[in-house]
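# Kindly return the folded structure for what I paste below:
(one chain, ligands or ions: 1)
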Amino acid sequence: MEHKFIPFSQKELTKEEQLSNSRSFFKLMDQRRSIREFSDEPIAVEVIENIIKTASTAPSGAHKQPWTFCVVTNPELKKKIRAAAEKEEKENYSTRMSDRWKEDLAPFGTDWEKPFIEKVPYIIVLFKRVHETIEGEKRNNYYVNESVGIAAGMLIAAIHNAGLATLTHTPSPMNFLAQLLNRPENERAFLLLPVGHPQKNALVPDIQRKSLNEVMVCYK
Ligand code: IYR
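Numbers count the residues shown, from 1 in each chain. Just a heads-up that it's a prediction; the model follows:
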């Protein structure tokens with residue numbers, strides 16, 4: 001079988017443009033913070049669609065794009081998701097999490113209550129697709145966690161670029177999400193992301209990012 005290749009072109013940048021683009025993109029991304037206090041201000045659905053289209057440009061194993069982005073606006077469904085997430089989180093905070101873990105989380109002021117799930121205009125639940133069924137045959141996808149992790153990162157960057165806020169929320173265990181959203185048997189919940197505007201006067205923890213020296217090692 002012939003496999004077709006087509007010419008690739010990407011706009012070439014001058015050295016100056018490379019510097020200024022890389023600097024300004026860093027500046028933009030360095031302003032991103034995980035937000036836990038949201039407003040209920042509406043967002044145009046096309047913004048959400050563009051964000052998801054951006055995430056779906058992520059590279060993936062054998063280009064299988066093993067992901068589904070479920071967009072929840074239905075208030076009844078949000079209510080059910082919140083109740084189920086809080087049920088698990090209550091159990092996590094009271095019995096499943098170690099004292100060390102809770103100590104590590106103390107600076108973030110988190111607890112089992114997740115009111116943002118109902119408050120935000122959109123909940124995106126990202127599912128990974130572990131296999132596809134083609135002509136009745138199960139075919140595993142490749143590097144599913146890596147692929148969906150990259151798509152999640154691009155989703156978060158696109159949300160920030162649109163001037164919106166999110167939180168990577170992983171209520172654990174997450175299997176209630178596949179049930180509530182009626183997902184097919186090949187899909188597993190990967191992340192739940194509330195998408196909205198930050199609440200006016202929202203506070204974030206006073207934390208610092210590692211310096212370049214701490215995260216980059218050069219081999220010359
Ligand atoms: N899933 C819980 C606990 C939690 C765990 C980690 I690691 C965090 O970085 C934040 C929270 C919760 O959402 O509260």
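
# Quick one: name the residues of this protein near the ligand.
Neighbours of the ligand within the chain, by C-beta under 6 Å from any ligand atom: 89, 92, 105, 110, 169, 170, 171, 172. Bear in mind the C-beta positions are built from the backbone N, C-alpha and C, glycine included.

# which one among these gets closest to residue 53?
residue 169 (22.2 Å; C-beta to C-beta).

# Now that closest one. Nearest residue, chain neighbours left out?
Excluding the flanking residues, the one nearest residue 169 by C-beta to C-beta, 6 or more residues apart in numbering is residue 192, at 4.6 Å.

# Could you report the neighbour count for that neighbour?
Neighbours of residue 192 under the rule other C-beta atoms under 10 Å: 23.

# Check residue 80 too.
18.

# Next one: it from the ligand, what distance?
Residue 80 sits 18 Å away from the ligand, going by C-beta to the nearest ligand atom, to the nearest Å.

# Packing partners of the strand or helix carrying that residue?
Taking DSSP states H and E as the definition, one finds residue 80 inside helix 75-91. For helix 75-91, the elements it packs on are helix 116-119, strand 122-129, helix 175-180, judged by 3 or more C-beta pairs under 8 Å, 6 or more residues apart in numbering; DSSP states H and E.

# Which of the ones you listed sits closest to residue 204?
With C-beta to C-beta as the criterion, residue 204 lies closest to helix 116-119 of those, at 13.6 Å.

# For that closest one, what is the distance to the chain centroid?
Its chain's C-alpha centre and that of helix 116-119 lie 16 Å apart, by C-alpha atoms, centre = their mean, to the nearest Å.

# Go ahead and name everything in contact with that helix.
Applying C-beta atoms under 8 Å, 6 or more residues apart in numbering, the contact partners of helix 116-119 are 36-40, 75, 78-79, 81-82, 85, 123, 167, 169, 192, 194, 196.

# Put the buried members of those into a PyMOL selection.
The PyMOL selection below is limited to those of the contacts of helix 116-119 classed as buried (16 or more other C-beta atoms under 10 Å):
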select buried, resi 36+37+38+78+81+82+85+123+167+169+192+194+196
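
# Show me the residue at the heart of the protein, geometrically.
Central residue of the chain (C-alpha atoms, centre = their mean): residue 152, 4.1 Å from the mean position.

# from what I can see it touches residue 126, true?
Yes - with contact defined as C-beta atoms under 8 Å, residue 152 reaches residue 126; the gap is 5.9 Å.

# Find residues that contact each of those two.
Shared contacts of residue 152 and residue 126 (C-beta under 8 Å, 6+ apart): 190, 191, 193.

# and the second one, what is it in contact with?
It refers to residue 191. Going by C-beta under 8 Å, 6+ apart, residue 191 touches 125, 126, 152, 168, 169, 170.

# repeat that for 6 Å
Applying C-beta atoms under 6 Å, 6 or more residues apart in numbering to residue 191 gives the contacts 126, 152, 168.

# Reformat those as JSON lines; add pLDDT.
JSON lines is the format used below for these (pLDDT from 0 to 100):
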{"residue": "126", "pLDDT": "98"}
{"residue": "152", "pLDDT": "99"}
{"residue": "168", "pLDDT": "97"}
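
# Can you tell me which of the residues you listed is nearest residue 30?
residue 168 (17.3 Å).
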